[in-house]
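Student: A structural model of the following input is requested.
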Amino acid sequence: MNFEQLIDSFDRKHLWHPYASMLKPLPVLKVKEAYSCTIVLEDGTKLIDGISSWWCMIHGYNHPVLNAAIKTQLEKVSHVMFAGLTHQSAIDLGKKLLAMLPAELDTCFYADSGSVAVEAAMKMALQYQVAINKPYKNNFATIKGGYHGDTFNAMSVCDPVEGMHTIFGPSLPVRFFLPRPEQKFNDTFSFEHQEIKNLREFFASKADSLAGFILEPIVQGAGGMYFYHPLFLQELRKLCDEFGVILIFDEIATGFYRTAKPFAMDYAQTVPDLICLGKALTGGTMTLSAVVTKHEIAKAISQATPYAFMHGPTFMANPLACASACASLDLMQQGNYEQKALHIESLLKEGLEDLKQNKLIKEVRVLGAIGVIEFYDRQNVAFWQEQLCARGVWLRPMGQVLYIMPPLIIEDHDLCQIVDSVKAVLKLM
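Tutor: Numbering: from 1, shown residues only. The predicted structure follows:
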């Protein structure tokens with residue numbers, strides 16, 4: 001494969017790709033088509049997608065059921081504003097989403113991307129506190145190592161030191177950051193651990209200023225793929241209730257069976273006040289997100305001036321996206337996706353086990369359809385991309401982490417090729 005032949009000159013000169021330099025860009029490979037778990041490049045090279053196009057393509061590419069749902073909707077209406085109007089796809093999606101979630105979460109607000117869902121959730125928490133006559137509760141807390149998106153309020157609750165938005169720090173609202181939970185997913189949990197004592201002390205001293213506490217439940221995504229213990233969330237829920245703080249779970253990356261549960265919060269049997277959903281919601285066909293909350297929050301906001309939630313993305317509840325999301329949720333329910341994720345988990349645990357002895361690797365961890373190889377040092381993206389593409393695999397390291405998050409429909413032989421290719425590249429290091 002010749003990387004240079006796959007790079008479009010106009011693209012290189014004029015199109016700015018995410019997290020990339022315009023002066024010294026990484027190679028950007030031109031895609032001709034994609035199907036199932038396969039990306040086909042312009043020259044015919046086939047790559048097994050091991051990261052689901054940033055974790056959203058859970059059913060694979062070009063799925064006929066999703067395509068059919070979008071085409072059917074397209075013949076009716078492709079978009080209509082959601083203010084003063086509604087449509088059947090939005091109604092159907094709301095019913096399907098609420099059926100998957102705990103009964104307490106019964107009010108759905110649609111948005112058009114994960115970052116915007118986080119923005120909306122934070123605004124919702126703020127407006128709720130104003131509505132119940134506590135405007136002084138106007139700040140947020142979170143844990144270090146998190147990632148919640150690239151828009152401004154979302155950036156403010158991303159890790160200010162280790163995160164990718166450090167340079168924006170002076171321009172962002174100052175939030176409270178607690179250490180990430182030390183007790184890992186498979187540890188024996190103790191409610192008397194120092195981190196829990198610190199959490200209680202933090203709430204006792206700062207809760208009067210807190211509108212909400214936002215975090216990714218169990219799995220921190222772009223902040224390093226760190227897995228912490230579910231019982232941490234139970235203690236957090238208890239403290240939020242005690243001190244009147246809105247608990248927000250960001251399940252944009254972890255929702256819809258990625259962790260082998262419908263939602264990561266299910267490991268903790270803990271229900272937030274607000275949950276942010278996105279990425280895999282539409283099966284990766286197009287952008288759509290949702291914030292689902294409790295009726296008591298929607299009621300309080302609606303009873304106080306200005307008697308409405310003050311947020312309204314132009315493309316919220318886009319009919320095409322809602323139709324695709326309805327079909328996507330049906331596929332999950334009909335396809336036994338929990339078992340698919342558990343099967344991927346078993347293959348990843350077996351395949352990555354021997355890497356724990358590699359001196360370059362700090363830790364190997366697996367949960368559901370997430371396999372993580374954490375190195376001691378930051379990894380060279382260009383090196384890994386070139387070497388893996390030469391072996392027919394598409395993965396991209398992220399800082400010190402190389403992760404595998406394939407479509408949940410991946411075949412065993414494709415997953416084995418991904419793992420074998422990673423091991424082959426490691427031998428070159």
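Student: Geometric centre of this structure: which residue is closest?
Tutor: Centroid-nearest residue in the chain: A253, 1.7 Å away (criterion: C-alpha atoms, centre = their mean).
Student: got the contact list for the lengthiest helix in the chain?
Tutor: Counting residues, the longest helix found in the chain (DSSP state H) is helix 114-131. Contacts with helix 114-131, where a contact means C-beta atoms under 8 Å, 6 or more residues apart in numbering, come from 109, 111, 135, 137-138, 140, 148-151, 153-154, 157, 211-212, 214, 246, 248, 250, 252-253, 273-274, 276-279, 289-291, 293, 297, 300-301, 303-304, 309-311, 313. C-beta here means a position set from N, CA and C on the backbone, and glycine is covered the same way.
Student: So the residue nearest to the centre of the chain sits against I58, correct?
Tutor: No: counting by C-beta atoms under 8 Å, A253 sits too far from I58 to count as a contact (11.5 Å).
Student: and the angle for the helix or strand hosting V291 with helix 114-131?
Tutor: Using DSSP states H and E, V291 sits within strand 289-294. Angle, strand 289-294 to helix 114-131, by axes from the mean of the first three to the mean of the last three C-alpha atoms, to 10 degrees: 30 degrees.
Student: how distant is strand 289-294 from the center of its chain?
Tutor: Distance of strand 289-294 from the chain centroid (C-alpha atoms, centre = their mean, to the nearest Å) equals 14 Å.
Student: Same check on stretch 416-424?
Tutor: Relative to its parent chain, stretch 416-424 has a centroid offset of 25 Å by C-alpha atoms, centre = their mean.
Student: Then stretch 368-375?
Tutor: Chain-centre distance of stretch 368-375: 15 Å, with C-alpha atoms, centre = their mean.
Student: next one: stretch 144-155
Tutor: Remark: stretch 144-155 is offset 11 Å from the chain centroid, using C-alpha atoms, centre = their mean.
Student: Using PDB, write out every CA atom in that stretch.
Tutor: Output of stretch 144-155 as PDB, limited to C-alpha atoms (Å, rounded to 0.1, in the frame of the first residue of the first chain):
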ATOM      1  CA  LYS A 144      -9.900  13.900  36.500                       C
ATOM      2  CA  GLY A 145      -9.200  11.900  33.400                       C
ATOM      3  CA  GLY A 146     -12.600  12.500  31.900                       C
ATOM      4  CA  TYR A 147     -13.600  13.700  28.400                       C
ATOM      5  CA  HIS A 148     -17.000  15.200  27.600                       C
ATOM      6  CA  GLY A 149     -16.600  16.900  24.200                       C
ATOM      7  CA  ASP A 150     -15.000  19.800  22.400                       C
ATOM      8  CA  THR A 151     -17.500  22.600  22.900                       C
ATOM      9  CA  PHE A 152     -16.700  25.200  25.600                       C
ATOM     10  CA  ASN A 153     -18.900  24.100  28.600                       C
ATOM     11  CA  ALA A 154     -18.000  20.400  27.700                       C
ATOM     12  CA  MET A 155     -14.300  21.300  27.700                       C
END
